[in-house]
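Visitor: what's the 3D shape of this:
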Amino acid sequence: MQVIMMTRIHAMCQGSKKMLIFLAVVLLAYTIASAVITVIGNIGVSGEEAVLSGNHQCGYVIDVDKLRLNDGILIPTAVWEILALFLATWVAIKHFCELRQSPTGSTIGDCFIVLTRSHVLYFVA
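Guide: Modelled structure (predicted):
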């Protein structure tokens, strides 16, 4: 999903190589941070199987201190989503400013077309 968002933002920025490199670095950092937090958070989890009267019972033990770290996965996710929303909104505002400076003027229909083309609705949803 994040790769699709990265591709859309890259397309909205008219294929800027600087933006592509920036987005790729941020996405890579997001992915690495999420993986590290998940692995560290799951180190304290252990499972066991017991057979009682022919019934297989599965159980697990969770280290409570490590459990809070699994909630920390929301931080890199929130940072990525907020950054994507900010960039999409920035591009849309830039397009609106370009429309206002056009010699023909702007209409509500022109604004809606630019908003649709820049996919801001996708990021807000």
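Visitor: Go through this structure and flag its longest helix.
Guide: helix 74-100 (DSSP state H).
Visitor: Report the buried residues of that helix.
Guide: Buried positions in helix 74-100, judged by neighbour count with 16 or more other Cβ atoms under 10 Å: P76, W80, L83, A84, L87, A88, V91, A92, H95, F96, L99. In short, each C-beta sits where N, CA and C put it, glycine included.
Visitor: Please render those as JSON lines that adds pLDDT to the earlier fields.
Guide: JSON lines is the format used below for the buried residues of helix 74-100 (pLDDT from 0 to 100):
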{"residue": "P76", "pLDDT": "83"}
{"residue": "W80", "pLDDT": "84"}
{"residue": "L83", "pLDDT": "86"}
{"residue": "A84", "pLDDT": "83"}
{"residue": "L87", "pLDDT": "84"}
{"residue": "A88", "pLDDT": "81"}
{"residue": "V91", "pLDDT": "80"}
{"residue": "A92", "pLDDT": "76"}
{"residue": "H95", "pLDDT": "75"}
{"residue": "F96", "pLDDT": "74"}
{"residue": "L99", "pLDDT": "70"}
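Visitor: quick check, nearest of the residues you listed to H56?
Guide: Lowest distance from H56 to the buried residues of helix 74-100 (Cβ to Cβ) belongs to P76, with 37.2 Å.
Visitor: and the closest one, what does it touch?
Guide: With contact set as Cβ atoms under 8 Å, 6 or more residues apart in numbering, P76 has these partners: A29, Y30, A33, S34, I37.
Visitor: if you set the cut-off to 10 Å instead, what comes out?
Guide: V26, A29, Y30, T31, I32, A33, S34, A35, V36, I37 (Cβ atoms under 10 Å, 6 or more residues apart in numbering).
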